[in-house]
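Peer 1: Please work out how this folds:
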Amino acid sequence: QVQLVESGGGLVQAGSSLRLSCAASAGTLSLYAMAWFRQAPGKEREFVGGISTNGDNTYYGDSVKGRFTCSRDNAKNTVYLQMNSLKPEDTAVYYCAATITVVERPLEYDYWGQGTQVTVSS
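Peer 2: Reported below is the predicted structural model:
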């Protein structure tokens with residue numbers, strides 16, 4: 001098992017950058033592929049990006065390609081989501097999640113963090 005804690009969210013202006021972190025408060029993140037999802041009010045949870053266990057492979061949703069980057073530091077038991085050129089439509093609660101293989105379906109993920117709010121003003 002692994003327990004996940006996200007941090008780094010906040011209120012920023014359009015065009016700004018933020019870096020989210022997801023740390024394991026219990027368990028070992030290096031055993032899991034990791035992903036980031038987001039959910040805006042009234043919308044379904046959306047796949048943002050994912051990263052393989054060793055960090056060699058990354059995957060992104062179409063809406064964030066070229067702007068967001070997933071990375072991980074297994075020595076620190078932490079994964080990151082670097083978000084650049086933020087847009088108001090990026091406003092959502094962002095969650096990290098752990099699984100065996102990165103897929104875009106939220107139901108395939110076994111462990112979730114509590115989420116961190118990102119708000120982008122225009």
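
Peer 1: partner residues bridging Gly10?
Peer 2: Gly10 has these beta-bridge partners by DSSP bridges: Val118.

Peer 1: which stretches of the chain aren't confidently modelled?
Peer 2: Nowhere does the chain drop to pLDDT under 70.

Peer 1: Can you tell me which helices and strands the helix or strand encompassing Ala35 packs against?
Peer 2: Ala35 is part of strand 33-39 when elements are defined by DSSP states H and E. Other helices and strands packing on strand 33-39, by 3 or more C-beta pairs under 8 Å, 6 or more residues apart in numbering; DSSP states H and E, are strand 18-26, strand 46-51, strand 68-73, strand 92-99. Using the backbone N, CA and C atoms, a C-beta is placed for each residue, glycine as well.

Peer 1: can you list the ones you listed in CSV and add distance to Arg105?
Peer 2: As requested, these are exported to CSV (distance: least, C-beta to C-beta, whole Å):
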stretch, distance to Arg105
strand 18-26, 19
strand 46-51, 8
strand 68-73, 17
strand 92-99, 10
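
Peer 1: Switch those over to CSV; also include mean neighbour count and distance to Val79.
Peer 2: Below are those laid out as CSV (neighbours: other C-beta atoms under 10 Å; distance: least, C-beta to C-beta, whole Å):
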stretch, mean neighbour count, distance to Val79
strand 18-26, 18, 5
strand 46-51, 22, 6
strand 68-73, 19, 4
strand 92-99, 22, 6
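
Peer 1: Can you tell me which of these is nearest to Tyr60?
Peer 2: For these, the distance to Tyr60 is smallest for strand 46-51, at 4.5 Å, taking C-beta to C-beta.

Peer 1: Can you name the residues bridging to the residue nearest to the spatial centre of the chain?
Peer 2: When the chain is reduced to its mean C-alpha position, the nearest residue by C-alpha atoms, centre = their mean turns out to be Trp36, at 2.6 Å. On the basis of DSSP bridges, Trp36 is bridged to Gly49, Cys96.
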